[in-house]
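J.: task: produce atomic coordinates for the following.
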Amino acid sequence: MNEIESLIKKVDDFRDERNWRQYHNAKDLAISLSIEASELLEAFQWKTSEEAWKENKENIKEEIADVLIYALTLCSELNLNIEDIILEKINKNNIKYKIDKME
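T.: Numbers count the residues shown, from 1 in each chain. Predicted coordinates for the structure are as follows:
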């Protein structure tokens with residue numbers, strides 16, 4: 001088991017111990033992921049990146065964790081291999097965004 005799979009197992013175990021799987025369908029997980037991403041954005045609203053980090057470091061870390069937890073849970077629910085889907089996306093981006101076209 002690699003590190004990502006181990007992390008997903010910990011998240012899934014936490015959820016299953018609380019009987020939350022019943023609420024974790026793909027649609028609701030995607031909605032929750034968006035909500036948590038919005039909460040992360042709120043920490044930066046009307047501030048420079050530096051100000052936000054200085055004033056909200058702990059909150060920013062917690063919101064990033066929430067985003068990642070929902071993303072991992074959604075991948076688990078859809079039986080997606082995280083490494084595979086990221087590498088596929090990088091390959092598509094390499095085709096779409098050629099290095100010689102970037103300045």
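J.: centroid residue for the protein?
T.: By C-alpha atoms, centre = their mean, the chain has its centre lying nearest to residue 68, at 3.1 Å.
J.: against residue 10, how distant is that one?
T.: Per C-beta to C-beta, to the nearest Å, residue 68 is found 12 Å from residue 10. (C-beta placed from N, C-alpha, C; glycine too.)
J.: go on, residue 97?
T.: In terms of C-beta to C-beta, residue 97 sits 34 Å off from residue 10.
J.: neighbour count: those two, which is higher?
T.: residue 10 (12 against 9; other C-beta atoms under 10 Å).
J.: how is that one assigned, secondary-structure-wise?
T.: Secondary structure assignment for residue 10 (DSSP: H, G, I helix; E, B strand; the rest coil): helix.
J.: which residue, other than its chain neighbours, is closest to residue 76?
T.: residue 8 (5.2 Å; C-beta to C-beta, 6 or more residues apart in numbering).
J.: count the neighbours of the one you found for me.
T.: If you count neighbours by other C-beta under 10 Å, residue 8 ends up with 18.
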